[in-house]
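3D, please:
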Amino acid sequence: MQLVINTYGSYLRKKGNCFLVRKEDKVFEVSVNRVDSILIATAAYISTDAIKFAVENNIDIVFLDSYGDPYGRVWHPKLGSTTLIRRRQLELYEKEEGLNLAKKWGVQKFDNQIEFLKRLKKTRAEKKDELESCINEIEQLKERMKGLKGTVEERRQTILGIEGMASRTYFEALSSIVPDKFKFDSRSRNPARDGFNAMLNYGYGVLYSMVEKACIISGLDPYIGFLHTDNYNKKSLVFDIIEMFRTFVDETVVHLFSKREVKEEYFDKIQNGVSLNKEGKAVLIEALNETFEKTIKYKGRNIKTKNVIQFECHRIANKLLGKV
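Numbering: from 1, shown residues only. Next up, the predicted model:
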């Protein structure tokens, strides 16, 4: 699970084999064996004993801004694997193998979106034709992407164009099924223009921290990407790989809205948009924890959803090393 600190003035320290959290007038303990990450999303206190305890147990401490984007991380200083993986990341970028990797991640993203829309279609007879049309359009765009040849540098703009068209279609489909008062025109980021996007943005921020951690553990360099361009302090590979897992967040958020568990009070008005407040974040984090703890089928095995991210990063690292 992810231990989330989102109450102003909370205090986190070590107690025996547990983390002790004090917030307002409440105190509770969480066993270290249950914690995968610690997310701190507000002004809080943390003891050096708790930091050392987390590092010793491979638990990263991630600091999130008001949008859910990580702005800092405490993690042990060791490499996750051999530096040969990082060399191969640089080498493959110039080759068709690099393009094939980027295409694979894009195709997987499309497949996940298509499967999610198909599940939604089964329970929404009145939206069947509309959702079917969106599915067909994404299927066609997927085939266009699969047919691309060359290098990442040569095909980047084409891939981004295909992904942009698919994204518009996909989110139009999602907007059509949420309650009328929460319908949205398109994706909006920081700030979000509506409640649905505010929840998505915060959920993606949490997911981003999980993908970055999986990259580090697998020995992948988060800064050496393929499709996303290099920039100062930009973790391009994380932006590449996260595309395969966004539907974990999409499905969680859609279900919260569909079950009418989202209230207008969960959002605060800010300049040019809205933000998810403390109450809204608590509801979303609880739902995300349930999603990531859920057991799903992966490569013939039953594993927790959160472990799919780590396994996929290991598969990418092994591919770069030439292992099957």
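
so who does the nearest residue to residue 266 once chain neighbours are set aside touch?
Nearest non-adjacent residue to residue 266, counting by Cβ to Cβ, 6 or more residues apart in numbering: residue 280, 3.0 Å away. For the C-beta atoms, the positions are set from N, CA and C on the backbone; glycine is no exception. If you count contacts by Cβ atoms under 8 Å, 6 or more residues apart in numbering, residue 280 has them with 198-199, 262, 266-267.

ditto for residue 167
Contact partners of residue 167, counting by Cβ under 8 Å, 6+ apart, are residue 187.

tell me which element it is part of?
helix 152-175 (DSSP states H and E).

next helix or strand past that helix?
Going down the chain from helix 152-175, the next helix or strand is helix 195-218, by DSSP H and E.

Show me what the helix or strand following that next one is packed against.
Sequence-wise, the next helix or strand downstream of helix 195-218 (DSSP H and E) is helix 236-241. Using 3 or more Cβ pairs under 8 Å, 6 or more residues apart in numbering; DSSP states H and E, the elements in contact with helix 236-241 are helix 96-122, helix 195-218, helix 305-320.

who wins for neighbours among the contacts of residue 280?
residue 198 (31 neighbours; other Cβ atoms under 10 Å).

pLDDT below threshold where in this structure?
78-81, 230-233, 324 (pLDDT under 70).

isn't residue 131 right up against residue 125?
No: Residue 131 lies out of contact with residue 125 (Cβ atoms under 8 Å); the separation is 10.2 Å.

At the geometric centre of this protein, which residue do we find?
residue 207 (2.6 Å; Cα atoms, centre = their mean).

Give the full set of residues in contact with that residue.
By Cβ under 8 Å, 6+ apart, the contact set of residue 207 is 242, 245-246, 248-249.

Redo these as CSV? Include secondary structure, distance to residue 152 and neighbour count.
CSV is the format used below for these (DSSP: H, G, I helix; E, B strand; the rest coil; distance: Cβ to Cβ, whole Å; neighbours: other Cβ atoms under 10 Å):
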residue, secondary structure, distance to residue 152, neighbour count
242, helix, 17, 23
245, helix, 21, 23
246, helix, 20, 18
248, helix, 26, 24
249, helix, 26, 25
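
if you skip the residues just before and after it, what's nearest to residue 261?
That would be residue 283: by Cβ to Cβ, 6+ apart, it lies 6.7 Å from residue 261.

Residue 19 too?
residue 30 (5.0 Å).

mind listing what the one you found touches?
Residue 30 neighbours (Cβ under 8 Å, 6+ apart): 1, 3, 18-19, 21.

did I read that right, it in a helix?
No: checked against DSSP: H, G, I helix; E, B strand; the rest coil, residue 30 lies outside a helix; its state is strand.

wait, what's in contact with residue 128?
Contacts of residue 128 were listed using Cβ under 8 Å, 6+ apart, and they are residue 121.

Helix or strand: which one has it?
Assigned by DSSP H and E, residue 128 falls in helix 128-146.

swap in residue 4?
strand 2-5.

Give me the domain ranges for this structure.
2-64, 84-320 (automatic domain parsing).

I'd like to know which of those lies nearest to residue 76.
domain 2-64 (5.0 Å; Cβ to Cβ).

roughly how far out does that closest one sit from the chain middle?
A distance of 21 Å separates the centroid of the chain from that of domain 2-64, by Cα atoms, centre = their mean, to the nearest Å.

cool, stretch 251-261 as well?
That offset, for stretch 251-261, works out to 17 Å (Cα atoms, centre = their mean).
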